[in-house]
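Asks: Predicted model and sequence follow; I will ask about them next.
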Amino acid sequence: MKSGVMEEIELVSKSLEETLSIGRIIGEQADSGKVVALIGELGAGKTSITQGIAEGLGVPDAYYVTSPTFTLINEYPGRLPLYHFDVYRLSGSHELDDLGYEDYFFGEGLVVIEWAEKLMESLPDNTLFIHMDRLNDDNERRLRFSRRSGSEVFGSLKEALEKGGYL
C-alpha cells in the first residue's frame, strides 16, 4: 500500500433499494481502468452494491449479477466491461498472478472486488475503497468510502451522492 487515506465519506443506507441506488451512482460515475474494493463481513451488502454498479454501467437485465465465489471472476458487458472478483477463497495477493489480474486492474473496464482486504498490497492507487457494515436493522448498512492519495475517483462521486440526497 502506498500512502494513507486522504478523505472519507460516510453514509447510511436504510434499505436494499438505497444500497442498489448508491451502487447505480457509482456505476454511472465510473471511468475505465478503476478499481472498487469492497470490504465487509458476510452479508454486509457487497454483492448488492455490485448489482447497483452493474445497473449504473448499463449491464443488460439478461445478466443476473451474482458473487463469483467459485469462479473468482464474472465478466459483464455494459458501457464499460464490469469485472466482478470474489477473492474470499484466496489466501492472499500471491494467488492473483494465476488470474492475470493486471490485465483487469489496468484494463478498459471497471473492477469490483469483494473481500478486497485480502489483496490490499496489490490494489492500485486508483482504488475506491468501500467499507460496509451491517447496522441494527437487517437492511441498514454503513458505507465508508475512502481513497488513497493520488486517486481521482472521489470528486464526481461525492457530488453525485450529494445530488442524490445521500450526503
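Replies: Perfect, I can see it now.
Asks: and the closest residue to residue 51 other than its chain neighbours, how many neighbours?
Replies: Spatially, and ignoring its direct neighbours in sequence, residue 51 is nearest to residue 65 (4.6 Å; CB to CB, 6 or more residues apart in numbering). Where you see a C-beta, it was placed from the backbone N, CA and C, and this is true even at glycine. A count of nearby residues for residue 65, using other CB atoms under 10 Å, gives 20.
Asks: What score does the closest residue to residue 156 other than its chain neighbours have for pLDDT?
Replies: Distances taken as CB to CB, 6+ apart place residue 29 nearest to residue 156, at 5.1 Å, with adjacent residues excluded. pLDDT recorded at residue 29 is 90.
Asks: Give me the contact list for the lengthiest helix in the chain.
Replies: With secondary structure taken from DSSP state H, the chain has its longest helix at helix 16-29. Under the criterion CB atoms under 8 Å, 6 or more residues apart in numbering, residues 11, 13, 36, 45, 48-58, 78, 82, 110, 128, 139, 141, 143, 153, 156-157, 160-161, 164, 166 lie in contact with helix 16-29.
Asks: Mind doing that once more with 7 Å?
Replies: Here helix 16-29 makes contact (CB atoms under 7 Å, 6 or more residues apart in numbering) with 13, 36, 45, 48-57, 139, 141, 143, 156-157, 160-161, 164, 166.
Asks: gap between it and the chain center?
Replies: 11 Å (CA atoms, centre = their mean, to the nearest Å).
Asks: what's the answer for stretch 90-103, then?
Replies: Using CA atoms, centre = their mean, the offset of stretch 90-103 from its chain centre is 18 Å.
Asks: Please spell out which residues along that stretch are buried.
Replies: Within stretch 90-103, the residues that count as buried by 16 or more other CB atoms under 10 Å are 90, 96, 101.
Asks: quick one, strands of this protein?
Replies: In the chain, the segments counted as strands under DSSP state E are 5-13, 34-40, 73-76, 82-86, 110-114, 127-134, 141-148.
Asks: shouldn't residue 68 be in contact with residue 82?
Replies: No. The pair residue 68 and residue 82 fails to qualify as a contact (CB atoms under 7 Å) at a distance of 11.3 Å.
Asks: When those two are compared, which one has more neighbours?
Replies: Counted by other CB under 10 Å, residue 68 and residue 82 do not tie: residue 82 has more neighbours, with 26 against 19.
Asks: Please name the nearest non-neighbouring residue to the more buried one.
Replies: Counting by CB to CB, 6+ apart, residue 82 lies nearest to residue 76, which is 4.3 Å off, once chain neighbours are set aside.
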